[in-house]
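J.: Structure for the following, please:
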Amino acid sequence: MRDFDLTPIWRSTVGFDRLVDLIDDSLRLAGEDNYPPYNIARTGEDNYRISLALAGFKPEEITVTAEQNMLTVEGRKADKDDREYLYQGISGRPFRRQFNLADYVEVKGASFEDGLLQVDLVRELPEAMKPRRIAVKSGPSRGEPQQIEQKQAA
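T.: Just a heads-up that it's a prediction; the model follows:
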């Protein structure tokens, strides 16, 4: 049940459409299935790692897709076992998990080991967006002093 109205935020903000959409989507998806379980960790100043617990899946049954500001991880078991389970606690059901990525966050790679899918991310700001130090000079700001010539009245 959604009981939070975002209309006042829409009326009083300009240029924050994506942020408000993310909040709205997260409120809408809050009651959905939490399979598969995952962790998000910061591994450095601009490095992150998403770890998904995918017991029972093989690497070829997992698809990782990155597009614009969205990372999608999907899994589907290729074949059904001919076994008759008395109890099945390890889920092998199909899933689709999406992660919204901030601007300039890129997927650097993914690996699958011991039932964990590790997706490495890095935030790379373009040079134009990085802070830069401006040198402060003393004296005139135009480099060398300039002489101003005046016309004399004829």
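
J.: CA atoms for contacts and neighbours, from now on please.
T.: Fine.

J.: my read: Leu121 touches Val105, true?
T.: Yes. Taking contacts as Cα atoms under 8 Å, Leu121 lies within contact range of Val105: 6.6 Å.

J.: Tell me who's in contact with Glu124.
T.: By Cα atoms under 8 Å, 6 or more residues apart in numbering, the contact set of Glu124 is 46, 104-106.

J.: Next one: it relative to Gly89, how far apart?
T.: 41 Å (Cα to Cα, to the nearest Å).

J.: What of Ala53?
T.: The value you get for Ala53 to Gly89, if Cα to Cα is used, is 14 Å.

J.: Show the contacting residues for the most centrally placed residue in the chain.
T.: The chain has Leu101 as the residue nearest its centroid, 1.7 Å off, counting by Cα atoms, centre = their mean. Listed by Cα under 8 Å, 6+ apart, the contact set of Leu101 reads 69-71.

J.: Which ones among those map onto helices?
T.: Per DSSP state H, helices hold no members of the contacts of Leu101.

J.: Between those, identify the one with the most neighbours.
T.: When neighbours are taken as other Cα atoms under 10 Å, the top entry among the contacts of Leu101 is Leu71 (17 neighbours).

J.: ok so, going back, compare neighbour counts for Ala53 and Gly89 and give me the winner.
T.: Set Ala53 next to Gly89 and count neighbours by other Cα under 10 Å: Ala53 wins out with 17 against 7.

J.: Next, the closest residue in space to that one that isn't next to it in sequence: phi, psi?
T.: Excluding the flanking residues, the one nearest Ala53 by Cα to Cα, 6 or more residues apart in numbering is Leu116, at 4.8 Å. When quoted as degrees, to the nearest 10, the phi and psi of Leu116 stand at phi -110, psi 130.
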